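**Q** When you get a sec, could you give me coordinates for this:
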Amino acid sequence: AGTAAVGAGTLAAIGAVAIAGVAVAASSSSSSSPAASSDSSGVSLGGAVADGYISGADIFIWNGTEWVDTGHQTAADGTFSFTWAYNGPIKAVGGTNIDTGLPNTMDLYAPQGASIVNPLTTLVHTYVTAHGGTVDDAQAAIKAALGLPDVDLTTYDPLSFTASDPTNADALAAQKIAAQIAAAVTLAEAQAAGLGDDFIATLVGEIKDDTFNATTPLNLTSSADLGTINTAMDGDIAGILADIEDANTTIAAATTLDPDADGSVASAQTSALDGTIATITVAQFDSHDAGKYNLVDTAANLIANAGIANNALAVKVTDHASNPVSAADAATIAAFTNSGVTVYSINDTAAAVVGADAAVLNGATNITATGTASAADAQTIMNATNSGDTTIAAVEANAAD
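**A** Alright, predicted model coming up:
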């Protein structure tokens, strides 16, 4: 029952924490939420969700009849890893692009067995489900129509070259096309809910019908080619064709995958899409034009105006890292109904943090636990999925721990 020094085994289990009240920041590396009820058979699923990498995306698995929410989200680096009762196609919903800071408004899909879920695998999945054939058939048609490199799109991650070879020709070409597709979908969704899905379905349909192929490839910066898609959509995107062309032209000019460098795909996306969705405070809501919006305000204002927050596309606590909220307030913010993205940090007692719902902890960007935590409680806190920095003031453990 006494306090003992934390041994090497415990440190390995909980990261880097200290006793005697010394606060040490540590990064949680877990990429899955606590096991859901179906996590019993040991089918290992893992990979990454990317536009740029997307944190906080909800992962769904197709069970042959419907999409099932696994209860798992992507980690701060966009990865996911968990066991599930069965394998199947993957869907990723919501989250935040960590390169651009923009909310992800595009539902992303991938065929069963894929290790990457991005706009390109979304085309592959859509092709197979809408038109039949094999994944290989779909890939061949899509790569030919978009001029993509001859790689397996279900396992090829262009962003994996960011650190080692940020100007890799194949990776850069693939990521620019993926970003252009995402930009078109984002602009379409900003105009009307569901219009982005229609754009994807129509684009894939035109590839299936051989409108676009190796001989006549689709140029996502071409007003003529975009006009062909618009015509097939009965003119539904006529009002944003110029916006899509401009955004995709900006992305096409990118020269590197490194998000911190000039001329990066990420900076091009940000430049092309920033302002597409209005970001407002609660006080600005009454003067905001009808449509989608992001909400950035203090925790108190967000909580006091739940009706407004519930309808926001994304909700962010102002300067969340320097203005963390209690575990109880975090639960309120995380529960806003229609907010696909919520950004908040938590600062509360270890007992309050451990007592919070797992989904609330998993959604926090940073967690600070004050007071003293047991080794078991420290493990729970460190396992929070999306917490980039986890600080625990003190860990109390007996020798057995």
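
**Q** Can you pull the poorly scored residue ranges out of the stretch 301-401 of the chain?
**A** For the stretch 301-401 of the chain, the stretches with pLDDT under 70 are 337-341, 385-389, 397-401.

**Q** Try it again at 80.
**A** Along the stretch 301-401 of the chain, the model assigns pLDDT under 80 to residues 313-314, 316, 318-322, 337-343, 362-363, 365, 383-401.

**Q** Same question for the stretch 151-300 of the chain.
**A** 190-191, 193, 274-280, 286-294.

**Q** all strands of it, in order?
**A** Taking DSSP state E, counting those that start in this stretch, the strands of the stretch 151-300 of the chain run over residues 278-280, 293-297.

**Q** need those in a markdown table with distance to Leu45 and mean neighbour count, can you?
**A** Every residue, glycine included, has its C-beta placed from N, CA and C. Shown next, in a markdown table, are those (distance: least, C-beta to C-beta, whole Å; neighbours: other C-beta atoms under 10 Å):
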| stretch | distance to Leu45 | mean neighbour count |
| --- | --- | --- |
| strand 278-280 | 34 | 16 |
| strand 293-297 | 30 | 22 |
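
**Q** Of all these, which one is nearest Gln379?
**A** strand 293-297 (33.1 Å; C-beta to C-beta).

**Q** Determine which residue lies closest to the centroid of the protein.
**A** Ile54 (2.7 Å; C-alpha atoms, centre = their mean).

**Q** secondary structure class for that residue?
**A** Of the three states, Ile54 takes strand according to DSSP: H, G, I helix; E, B strand; the rest coil.

**Q** Start at 82, not 1
**A** Done: numbering now begins at 82, and the last item shifts to Ile135.

**Q** what's the neighbour count on Asn447?
**A** 22 (other C-beta atoms under 10 Å).

**Q** What of His212?
**A** Applying other C-beta under 10 Å, I find that His212 has 15 neighbouring residues.

**Q** Give me the nearest residue to it, chain neighbours excluded.
**A** Lys289 (4.8 Å; C-beta to C-beta, 6 or more residues apart in numbering).

**Q** Could you measure from that neighbour over to Val205?
**A** 12 Å (C-beta to C-beta, to the nearest Å).

**Q** Of the two, which one has the most company?
**A** Val205 (25 against 20).

**Q** which helices and strands sit right next to the lengthiest helix in the chain?
**A** Longest helix in the chain, counting residues (DSSP state H): helix 250-272. With contacts defined as 3 or more C-beta pairs under 8 Å, 6 or more residues apart in numbering; DSSP states H and E, helix 250-272 has these neighbours: helix 200-212, helix 276-289, helix 322-333, helix 346-354.

**Q** Let me have those in a markdown table, extended by distance to Phe163.
**A** As requested, the helices and strands packed on helix 250-272 are exported to a markdown table (distance: least, C-beta to C-beta, whole Å):
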| stretch | distance to Phe163 |
| --- | --- |
| helix 200-212 | 19 |
| helix 276-289 | 26 |
| helix 322-333 | 32 |
| helix 346-354 | 27 |
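
**Q** quick one: which of the ones you listed is nearest Val130?
**A** Proximity of these to Val130 was assessed by C-beta to C-beta; the nearest stretch is helix 200-212, lying at 9.8 Å.
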